[in-house]
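**Student:** curious how this folds, go ahead:
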Amino acid sequence: MDTLTFDSADLEVTEDFLSRAYARMRIGSSTPEAGRARIRRSAIAPVSVDELALDFDMSYAVTPLGRICLCVVHEGTVREHRVQGVEDSFGPGDVVLFAPPDLPYSGRICRARYNITMLDPALLDQVAAGPDGARPVRLTGHRPRSAAAARQLSGTIRHLRDTVLCDPETADQPLIAATAAQYLAASVLTAFPNTALPEPTATDRRDAHPAMLRRALAFIDDHADQPVTVADIAAAAHVTVRALQYAFRQHLDTTPLAHLRAVRLAHAHRDLVAAGPGSGETVTAIAARWGFHHPGRFAAVYRDTYRRSPHTTLSGG
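**Tutor:** Down below sits the predicted model:
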């Protein structure tokens, strides 16, 4: 996991830092005396979460980021935000897409405290299929579909920041990093209009046969201890993501990722049984080993499946 902090009242220093941390940009201030900029970043390979606080007004003009850039406004306002001729303004509680990865944008931040979350666009392709299974998935609107969708995405970002990225030992575990990044990507697709097509084509339906499903299940069983995406499973089964999802829905009444979580839960259960009392193992460590980064949620899922707590299993009860 990578972290960085920045704190300066020098506008030129702030511009240089922002250009290095995001993309090349020009900033300016209409405030008589340029104020203070404070930034803290936490990041895992495909995702970064930044908390920014500016106690002055700042204009910005940014070259394409090459990443999906989400903004959650806590205090203050973002005004005259413009992308390809479309202008909007945002205030406290708003969750927005700043710009597509390949487009520049500009605007003005007015004494604001806000969150910037950036993710690799390829993450969307790992959890969904594009229009023809080959073209990448794109977001087609800069505001969420609904207030509920905005709240859910904001909660996902907060959970990523406060549960995963706050603990370097947790964030540095490959399974946890991959799971957290995929969960964020799925939440983004749920929140924003996009080009992903969930319904299978006639070819997808034809490909969703039991032999293909067996290949997918074998791949999951053999790679449960590694970071695995839906796209990886589909590639191993030689089908599209849509065909894979359709096969799991039709034959198993589940999804590929839900089945992967179930397999990892079974491995965690076996490790808890094998460890036993006095082994020095902890529930948290075993859960994290299999990609479960939230101990409370792991305990709830474990209890629903095995009708006892993971601590009871570990203690030999």
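**Student:** in contact with the residue positioned nearest the centre of the chain, which residues?
**Tutor:** Centrality entry for the chain: nearest residue to the mean C-alpha point is Leu184, 2.3 Å, by C-alpha atoms, centre = their mean. With contacts defined as C-beta atoms under 8 Å, 6 or more residues apart in numbering, the neighbours of Leu184 are Val47, Thr117, Leu119, Leu123, Thr156, Ile157, Leu160. For the C-beta atoms, the positions are set from N, CA and C on the backbone; glycine is no exception.
**Student:** show me which of those is closest to Leu257.
**Tutor:** Nearest to Leu257 among these is Leu123, at 13.2 Å by C-beta to C-beta.
**Student:** now do the closest one against Ser29, distance only.
**Tutor:** 34 Å (C-beta to C-beta, to the nearest Å).
**Student:** and these two? Which one has more around it.
**Tutor:** Applying other C-beta atoms under 10 Å to Leu123 and Ser29 shows that Leu123 carries more neighbours, namely 24 against 18.
**Student:** tell me which helix or strand that one sits in.
**Tutor:** helix 122-127 (DSSP states H and E).
**Student:** neighbouring contacts of that helix?
**Tutor:** 46-47, 68, 136-139, 181-182, 184-186, 188-189, 194, 196, 229-232, 257.
**Student:** where's that helix relative to the chain centroid, distance-wise?
**Tutor:** 10 Å (C-alpha atoms, centre = their mean, to the nearest Å).
**Student:** repeat for stretch 279-294
**Tutor:** 21 Å.
**Student:** return the set of buried residues in it.
**Tutor:** Glu281, Val283, Thr284, Ile286, Ala287, Ala288, Arg289, Trp290, Gly291, Phe292, His293, His294 (16 or more other C-beta atoms under 10 Å).
**Student:** can you show me the CA trace of it as PDB?
**Tutor:** Listed next in PDB are the C-alpha coordinates belonging to stretch 279-294 (Å, rounded to 0.1, in the frame of the first residue of the first chain):
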ATOM      1  CA  SER A 279      -2.000 -22.600  17.500                       C
ATOM      2  CA  GLY A 280      -1.400 -18.900  17.600                       C
ATOM      3  CA  GLU A 281      -3.700 -18.300  14.700                       C
ATOM      4  CA  THR A 282      -6.400 -15.700  14.800                       C
ATOM      5  CA  VAL A 283      -9.800 -15.500  13.100                       C
ATOM      6  CA  THR A 284      -8.800 -12.100  11.600                       C
ATOM      7  CA  ALA A 285      -5.600 -13.500  10.100                       C
ATOM      8  CA  ILE A 286      -7.300 -16.500   8.600                       C
ATOM      9  CA  ALA A 287     -10.100 -14.400   7.200                       C
ATOM     10  CA  ALA A 288      -7.700 -12.000   5.600                       C
ATOM     11  CA  ARG A 289      -5.700 -14.900   4.100                       C
ATOM     12  CA  TRP A 290      -8.800 -15.800   2.100                       C
ATOM     13  CA  GLY A 291      -9.700 -12.200   1.100                       C
ATOM     14  CA  PHE A 292     -12.200 -11.300   3.900                       C
ATOM     15  CA  HIS A 293     -11.000  -7.900   5.000                       C
ATOM     16  CA  HIS A 294     -13.900  -7.000   7.400                       C
END
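**Student:** can you pull out the helices in the stretch 101-250 of the chain?
**Tutor:** Per DSSP state H, counting those that start in this stretch, the stretch 101-250 of the chain carries helices over the ranges 122-127, 147-159, 168-171, 174-191, 202-207, 210-222, 230-237, 241-252.
**Student:** pull up the distance across stretch 192-209, start to finish.
**Tutor:** 32 Å (C-alpha to C-alpha, to the nearest Å).
**Student:** for stretch 277-295, that is, sorry about that
**Tutor:** Across stretch 277-295, first to last residue, C-alpha to C-alpha, it's 19 Å.
**Student:** gap between it and the chain center?
**Tutor:** How far stretch 277-295 lies from its chain's middle: 23 Å, per C-alpha atoms, centre = their mean.
**Student:** let me know the average pLDDT across it.
**Tutor:** Taken as a whole, stretch 277-295 carries a mean pLDDT of 86.
**Student:** and the contacts of that stretch?
**Tutor:** By C-beta under 8 Å, 6+ apart, stretch 277-295 touches 159, 163-164, 170, 173, 175-176, 178-180, 224-225, 261, 264-265, 267-268, 271-272, 275, 298-299, 301, 310-311, 314-316.
**Student:** please redo it, this time with the cut-off set to 7 Å
**Tutor:** Here stretch 277-295 makes contact (C-beta atoms under 7 Å, 6 or more residues apart in numbering) with 163-164, 170, 173, 175-176, 179-180, 264, 267-268, 271-272, 275, 298, 310-311, 314-316.
**Student:** select only the buried ones of the residues you listed in PyMOL?
**Tutor:** Of those, the buried ones can be selected in PyMOL as follows, counting by 16+ other C-beta under 10 Å:
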select buried, resi 163+164+170+173+175+176+179+180+264+267+268+271+272+275+298+310+314
